[in-house]
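In: Show me the folded form of this:
(chains A and B)
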Amino acid sequence: MRAHIEELIHQALGYLKRDGDLPRDIEPAFQIDRPRDPSHGDYACNVALVLAKAAGRKPREIAEAVAARLPDSKRIARVEIAGPGFLNFHASDHHLRCVVREALADGPAFGHQPAGRRGDVLAEFVSANPTGPLHVGHGRGAAYGASVSAVLEAAGHVVKREYYVNDYGRQMDILAVSVWLRYLELCGEKPRFPDNGYRGEYIYDIARQVRSRHGDDLRFSGATVAEGLPADESEGGDKEKHIDALVQRARDLLGEDGYEACFQTALETMLDDIRGDLEDFGVVFDRWFSERELERSGALERAIAKLDAGGWLYEEQGAKWFKSSELGDDKDRVVVRENGRTTYFASDVAYMLDKLERCSGQLLYIFGADHHGYVPRLKAAARGLGENPDRLEFQLVQFAVLYRGGEKIQMSTRSGEFTTLRDLREEVGSDAARYFYVMRSHDQHLDFDLDLAKSRANENPVYYIQYAHARIHSIFRQLEGKGYKHNASIGDAALKRLTEPQERALMQAIGRWPEVIDSAARRRAPHDLAHALHELASMFHTCYNAVPVLVDDEDLRNARLNLARAVAEVLAGGLKLIGVSAPEQM
RNA sequence: GCCCCGGUAGCUCAGCGGAUAGAGCAGCCGCCUCCUAAGCGGCAGGUCGCAGGUUCGACUCCUGCCCGGGGCACCA
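Out: This is a model prediction of the structure:
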């Protein structure tokens, strides 16, 4: 509809230019808005206001000239000039009926664009280190990433979703050692646990697995493990030096196979846990991309070589540095450390190169807000690889803070006292969690009210929307009980009978839906969907209370059933995009 | 100090440069012999942090300041 109006205006402008009523060389960047006030029509255009200066005429005068030359359209009932010179378009009843027909015909795909109409997008999100279960912060990234991917797809993009698995770095070694030490405890040893180790209860679970597979084969005395290690932080030393030495000690004592046993068990257990957790959350990936694989496949080396070939690397103090400061970053970054190991940043560059080669369109990075410092260095890396940095897009997801009983729930990863995503899902349910995570703009801090999310009352927006959907299905169940059958063609022929203001409001809201999807995709803003769905649900509840559907008049009844069905399609389709179920009964 | 996000109703937040700034919750008043009251209707509630600037027009864009949250590493 919006495109249709745009076309009408362009035609009118063409006539005016041809007749010399407007300068020929102007191409006004006008907008077509949805006015808030219904008396301002369904669409409003500011073309006259934009044109006023260039044309040297009053806005209202131009508005009248444009209005006079607008071609007739079956979808437009009338055009008015209002305020300082807005053109207000009122959609015709014919248009409203078309909208209902389209929603019924397209079902859950109503408002979607054909796949491939817009460019490819490779979205990377969550990508949490597999060193522990996902916590509620990851949950927001997961919910946002999944929802924004779905809405991009609906808007015609071809989207690939990836999870980057950091299975190569130092943190994984620390995890492996933490598991080993807990394993030793299970064997009856009393090794000292490092300040920097992972302390969560889940480490014992993994250690038990190691023990059941390997018995006492990996057992060493606590004294042997600790012998000659540099002091830990709480002993007055450096926790980093301590843990690195401890990792080395583990490798020496266990040998490659023994160490791998701890490492692999930890990695696989954590990945299975994360994968299952996300699946239960309705978040699925096309690919789990392993950092280790970058090393094995030579991609890491190739990326470094490419930066080098571009003249962007230099050596200093035994390390290889990337001249990112010359490419927009605050400072240079190390890619190969003095000890010969590559940095995480090097892996990031290699992964980026791989993605750029696999995807012709945008690379969408969805990061936690704490990673905002990555943006300039990754853009610098893209430049260093000879790629256009505009192909990288970053969306930063701000933190979520949980509240229970009005109290903030404190979290600390180190101590292992954090709320996991799984805990959250079990407490409030996946639907509420998905909805609450995306109901606010992702670049806003989120206060997540657990009590509200759990509430099964009208104050909970999730249930409010789901209830609207369930109510519609309830009507159809009642229909049969009354001995009626829904006849969609009778309803279609009788759509003219839908004249109640609440019915018209519903039709208008359905008509807006394709624009909501389009705008939400452009703005990377799935919260727009949450708002639009809430609004549609509200309109339905209003209509439901004011206008009975199951009336004796067959034409009217079927027309109302068609409308109700159309509303249900939009609700179900929209909820699906944000990963919330649309129950038929509650 | 530098960087990121924010400051809109009592609370949590919408608001793509446009018309009289919206919603939910909380508060108050009403509505179930009627398709689910997990609902609906109504009332009340605002110096859009402050000061400049750009614009025909600023909650929206720019600058400065104030206040809150977060981030700074040869950690990940």
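
In: and the residue of the stretch 351-500 of chain A nearest RNA strand B?
Out: A:N458 (1.7 Å; Cβ to the nearest atom of the strand). In this view, the C-beta of every residue, glycine as well, is placed from N, C-alpha and C.

In: Confirm that that residue lies within a helix, as I assumed.
Out: No: if the criterion is DSSP: H, G, I helix; E, B strand; the rest coil, then A:N458 is coil and not within a helix.

In: Nearest spatial neighbour of it, chain-adjacent residues omitted?
Out: Excluding its sequence neighbours, the residue lying closest to A:N458 (Cβ to Cβ, 6 or more residues apart in numbering) is A:Y464, at 6.0 Å.

In: where's the one you found relative to A:F110, distance?
Out: Remark: distance between A:Y464 and A:F110 (Cβ to Cβ, to the nearest Å) = 21 Å.

In: Tell me which of those two has more neighbours.
Out: A:F110 (22 against 16; other Cβ atoms under 10 Å).

In: Without its sequence neighbours, what residue ends up closest to that one?
Out: A:A103 (4.6 Å).

In: Put the alpha carbons of the helix or strand containing that neighbour into CSV.
Out: Using DSSP states H and E, A:A103 sits within helix A:93-106. Below are the C-alpha coordinates for helix A:93-106, written out as CSV (Å, rounded to 0.1, in the frame of the first residue of the first chain):
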residue,chain,number,x,y,z
ASP,A,93,-13.1,-0.2,2.1
HIS,A,94,-12.1,-2.2,-1.0
HIS,A,95,-8.5,-2.0,0.3
LEU,A,96,-9.5,-3.2,3.8
ARG,A,97,-11.3,-6.2,2.2
CYS,A,98,-8.3,-7.0,0.1
VAL,A,99,-6.1,-7.1,3.2
VAL,A,100,-8.3,-9.7,4.8
ARG,A,101,-8.3,-11.8,1.7
GLU,A,102,-4.5,-11.6,1.5
ALA,A,103,-4.0,-12.6,5.1
LEU,A,104,-6.3,-15.6,4.7
ALA,A,105,-4.6,-16.6,1.4
ASP,A,106,-1.1,-16.3,2.7
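
In: ok so, going back, in contact with the residue nearest to A:F110, which residues?
Out: With contact taken as Cβ atoms under 8 Å, 6 or more residues apart in numbering, A:A103 is in contact with A:F110, A:I510, A:W513, A:A566, A:E569, A:V570.

In: Is any residue of the next helix or strand after the helix holding A:A103 near RNA strand B?
Out: Once the chain leaves helix A:93-106, the next helix or strand it forms, by DSSP H and E, is strand A:120-124. No: among the residues of strand A:120-124, none lie within reach of RNA strand B under Cβ under 7 Å from any atom of the strand; the closest is 14.9 Å away.

In: Buried ones in strand A:120-124, by neighbour count?
Out: Neighbour-count burial for strand A:120-124, counted by 16 or more other Cβ atoms under 10 Å, picks out A:V121, A:L122, A:A123, A:E124.

In: now stretch A:294-307
Out: Buried residues in stretch A:294-307, counted by 16+ other Cβ under 10 Å: A:L294, A:E295, A:A299, A:L300, A:A303, A:I304, A:K306, A:L307.

In: Helices - which of those land there?
Out: Of those, the ones assigned to helices by DSSP state H are A:L294, A:E295, A:A299, A:L300, A:A303, A:I304, A:K306, A:L307.

In: Just give me the closest of the residues you listed to A:R477.
Out: A:L294 (54.6 Å; Cβ to Cβ).

In: What distance do you get for that closest one to A:L134?
Out: A:L294 sits 23 Å away from A:L134, going by Cβ to Cβ.

In: quick one: pLDDT of A:G282?
Out: pLDDT recorded at A:G282 is 95.

In: For the stretch 401-550 of chain A, just list every one of the strands.
Out: A:407-408, A:446-449 (DSSP state E, counting those that start in this stretch).

In: Strand partners (parallel or antiparallel) of the shortest one?
Out: Just to be clear, that refers to strand A:407-408. strand A:400-404 (antiparallel) (DSSP bridges).

In: right, is the partner strand up against RNA strand B?
Out: No: on the criterion Cβ under 7 Å from any atom of the strand, strand A:400-404 is out of touch with RNA strand B, staying 7.9 Å away.

In: And for stretch A:278-294?
Out: No: figure legend: stretch A:278-294 not in contact with RNA strand B (Cβ under 7 Å from any atom of the strand); closest approach 8.7 Å.

In: can you tell me which residues contact A:F289?
Out: A:E162, A:Y163, A:Y164, A:V165, A:Y351, A:D354.

In: mind checking which helix or strand it is in?
Out: strand A:287-290.

In: just the CA coordinates of that strand, formatted as PDB?
Out: Only the C-alpha atoms of strand A:287-290 are listed here, as PDB (Å, rounded to 0.1, in the frame of the first residue of the first chain):
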ATOM      1  CA  ARG A 287      26.400 -24.200  11.600                       C
ATOM      2  CA  TRP A 288      28.500 -24.500  14.700                       C
ATOM      3  CA  PHE A 289      31.800 -23.200  13.600                       C
ATOM      4  CA  SER A 290      34.800 -24.500  15.500                       C
END
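
In: pLDDT on it, on average?
Out: In this model, strand A:287-290 carries a mean pLDDT of 94.

In: same thing with stretch A:96-104?
Out: Rounded mean pLDDT across stretch A:96-104 is 95.

In: Please apply the same query to stretch A:327-338.
Out: Across stretch A:327-338, pLDDT averages out at 88.

In: do it and RNA strand B meet?
Out: Yes: contact of stretch A:327-338 with RNA strand B (Cβ under 7 Å from any atom of the strand) involves A:D330, A:K331, A:V334, A:R337, A:E338.

In: A:D280: what's it in contact with?
Out: Applying Cβ under 8 Å, 6+ apart to A:D280 gives the contacts A:R422, A:R425, A:S430.

In: repeat that for 7 Å
Out: For A:D280, the contacting residues are A:R425, A:S430, by Cβ atoms under 7 Å, 6 or more residues apart in numbering.

In: returning to that earlier point: can you lay out the contacts of A:F289 as a markdown table showing pLDDT?
Out: A markdown table is the format used below for those (pLDDT from 0 to 100):
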| residue | pLDDT |
| --- | --- |
| A:E162 | 96 |
| A:Y163 | 95 |
| A:Y164 | 94 |
| A:V165 | 93 |
| A:Y351 | 95 |
| A:D354 | 95 |
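
In: Can I get the residues you listed in CSV including distance to RNA strand B, neighbour count and secondary structure?
Out: Output for these, formatted as CSV (distance: Cβ to the nearest atom of the strand, whole Å; neighbours: other Cβ atoms under 10 Å; DSSP: H, G, I helix; E, B strand; the rest coil):
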residue, distance to RNA strand B, neighbour count, secondary structure
A:E162, 17, 23, strand
A:Y163, 15, 24, strand
A:Y164, 11, 23, strand
A:V165, 11, 22, strand
A:Y351, 13, 23, helix
A:D354, 18, 18, helix
